[in-house]
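**Student:** would you be able to build a 3D model of this:
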Amino acid sequence: MSLFLTVRSSKRGAFAVLGSAQVTLVTAITLLTVPLPAIQREFGLGQGDLALLTSAYGLTFGGLLLLGGRLADQWGARQVFLAGMALLALASAAGGLAPDHAVLLAARFAQGVGAAMAAPAAVSLVTRLRPDGRERERALAVWGTLSVTGAVAGSLLSGLVAAVASWRWSFLLPAAVGVAAVATGAFLLPPVPRTANRLDVPGALLATAGLVAFAYGLLEGATAVTAAGLLLTAGFVVLQARTPRPLLPLRLVAHRRRGAALLVVFVTAAASATSTFLLSLHMQQVRGLSPISTSLAFLPLLLIVAMGPVSGHLLRRFGVRRVLVTGLLLAAVSMLLLGRLGAGGLVLAGLLIFPVASGLAFSGATVAALDGVPAEDAGAAGGLVNTAMEAGPTVGLAVLVALAAARADRIPAGGARAMTEGYGFALTAMAPVFLLAAATVAVAFTPTRER
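**Tutor:** Below is the predicted model of the structure:
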């Protein structure tokens, strides 16, 4: 009995290490959002420099996830996770102590590299910790909500740091968690066998170049760069279909349930990041709220923290299909409410509904995306889920900000009314996207195939 309790406690400790790391990896993306003006003043940066500094972490994080996942499979998930968190800690410390803009920018890029190594390795380790079907489903349901928790935490902490301390303290959290993860993970995380396959270097180069170019082109509005990214990504897909040892086995994507689950992750991540961004602009530009008040306005989103265990229970009782469809329909309702920016009560209702909806969607999609994945492909599958999680906000921001601007330009009066109309229109536009995703899931997850 004591041995059983010791093993169970060790598993919980290991999951806590991995979960804390996952939350921190996402939190680090948005920690600099509110303190950016202070950084701009200290280093005398232009808007272009500021935009690159903002996106540097996400570019390397998203661009290297597939490579990080395959490295976890081939070099051992435990080793890659510890190396990634160590790099995150070192890069964060360098960013906090940066004497100039060049060092700060390099630190942000390096943070993303460490995150791209740690995130898919962590997913692989979670599946190893919970091999039993029921325990694994419960663990993955909780895991699915951690990224949104990190995004909300980043938005809240970003405002707090800007209000009470130097922007350099924004690097303290990832540095501290990185050190703690390496120190405790070395004892708690289980060893994972390596695969004997050689790394697909051409595939890694094409995937990284394609994802980075596509994301950078969207963020900067560079159509030629975006098109180049799409071409490189197409070349990557062709190469993966022909190479005997692919970086990303296409069977992982071609599976219809997994494909639908990745679509849910992509759409929900896009809505989560974009709604926070647009609402933050509305609260500060139109309503005149301070950074700290804006951060506090997003407190209802912390309901996502409770959704992991709740979603796990609902998945066992009702199945993945019903939970996913319910979450997506609720997400559509929340977007309609958030789009009514002129009615504070409706916006608050949307902020209360969305974490419930996204919790159900992320949990169900994570379980479905990793269901039935062979052990030797666990890292690659984890990288794929995280890639969808990172690509969603990039595409969502680019498309919805453009929609908001186009709508605002059609309002003759301009000013606050135009901004409110534009932001509201962009948020409302996410509702039919969620309805389409719900229909896709309903077809892909037929009752006869449901667990």
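**Student:** tell me the secondary structure at Pro191.
**Tutor:** Under DSSP: H, G, I helix; E, B strand; the rest coil, Pro191 falls in the coil class.
**Student:** what number of residues lie near it?
**Tutor:** Pro191 has 10 neighbours, counted by other C-beta atoms under 10 Å. For the C-beta atoms, the positions are set from N, CA and C on the backbone; glycine is no exception.
**Student:** from here on, call the first residue 94.
**Tutor:** Okay, residue one is now 94; in that scheme the one you just asked about reads as Pro284.
**Student:** phi first, then psi, for the closest residue to it other than its chain neighbours.
**Tutor:** Distances taken as C-beta to C-beta, 6 or more residues apart in numbering put Arg171 closest to Pro284, at 5.7 Å, once the chain neighbours are dropped. The phi/psi pair for Arg171 (degrees, to the nearest 10) reads phi -60, psi -50.
**Student:** do Ala255 as well
**Tutor:** Per-residue torsions, Ala255: phi -60, psi -30 (degrees, to the nearest 10).
**Student:** doesn't Ile385 make contact with it?
**Tutor:** Yes: between Ala255 and Ile385 there is a contact under C-beta atoms under 8 Å: 7.5 Å.
**Student:** burial measure for Pro286, as a count.
**Tutor:** When neighbours are defined as other C-beta under 10 Å, Pro286 has 11 of them.
**Student:** ends of stretch 182-200, how far apart?
**Tutor:** Chord length of stretch 182-200, first to last residue, is 10 Å (C-alpha to C-alpha, to the nearest Å).
**Student:** picking that back up, how close does the residue nearest to Pro284 get to Val285?
**Tutor:** 5 Å (C-beta to C-beta, to the nearest Å).
**Student:** what's around the residue nearest to Pro284, how many residues?
**Tutor:** When counting by other C-beta under 10 Å, one arrives at 21 neighbours for Arg171.
**Student:** quick revisit: identify the contacts common to Arg171 and Val285.
**Tutor:** Common contacts of Arg171 and Val285, defined by C-beta atoms under 8 Å, 6 or more residues apart in numbering, comprise Leu218.
**Student:** in what helix or strand does the residue positioned nearest the centre of the chain lie?
**Tutor:** In the chain, the residue lying closest to the centroid (C-alpha atoms, centre = their mean) is Met482, at 4.1 Å. Using DSSP states H and E, Met482 maps to helix 471-502.
**Student:** tell me the buried residues in that helix?
**Tutor:** 471-494, 496-497, 500-501 (16 or more other C-beta atoms under 10 Å).
**Student:** and for stretch 411-427?
**Tutor:** 413-427.
**Student:** now Ala149: how far from Ala211?
**Tutor:** Counting by C-beta to C-beta - Ala149 and Ala211 are separated by 17 Å.
**Student:** quick one: which of those two has more around it?
**Tutor:** A side-by-side neighbour count of Ala149 and Ala211, using other C-beta under 10 Å, places Ala211 first with 31 against 21.
**Student:** ok, that one touching Val173?
**Tutor:** Yes: contact status for Ala211 versus Val173: in contact at 7.5 Å, counting by C-beta under 8 Å.
**Student:** okay, and the common contacts of these two?
**Tutor:** The contact sets of Ala211 and Val173 overlap at Gly161 (C-beta under 8 Å, 6+ apart).
**Student:** I'd guessed the residue nearest to the centre of the chain sits against Ser240; true?
**Tutor:** Yes: between Met482 and Ser240 there is a contact at 5.6 Å, judged by C-beta under 8 Å.
**Student:** follow-up on the earlier one: which of Ala255 and Ile385 has more neighbours?
**Tutor:** The neighbour count for Ala255 versus Ile385, taken as other C-beta under 10 Å, is higher for Ala255 (24 against 16).
**Student:** what about Gly314, distance to Ala425?
**Tutor:** On the measure of C-beta to C-beta, Gly314 and Ala425 end up 28 Å apart.
**Student:** before we move on, what about Phe518?
**Tutor:** Computed as C-beta to C-beta, the Phe518 to Ala425 distance reads 16 Å.
**Student:** ditto for Ser248
**Tutor:** For Ser248 relative to Ala425 (C-beta to C-beta), the value is 23 Å.
**Student:** can you give me the helices for the stretch 144-293 of the chain?
**Tutor:** Listed in chain order, the helices of the stretch 144-293 of the chain (DSSP state H, counting those that start in this stretch) span residues 158-168, 170-189, 194-222, 226-257, 265-281.
**Student:** tell me the mean pLDDT over the longest one?
**Tutor:** For helix 226-257, the mean per-residue pLDDT is 78.
**Student:** before we move on, what about the third one?
**Tutor:** Predicted confidence along helix 194-222 averages 91 (mean pLDDT).
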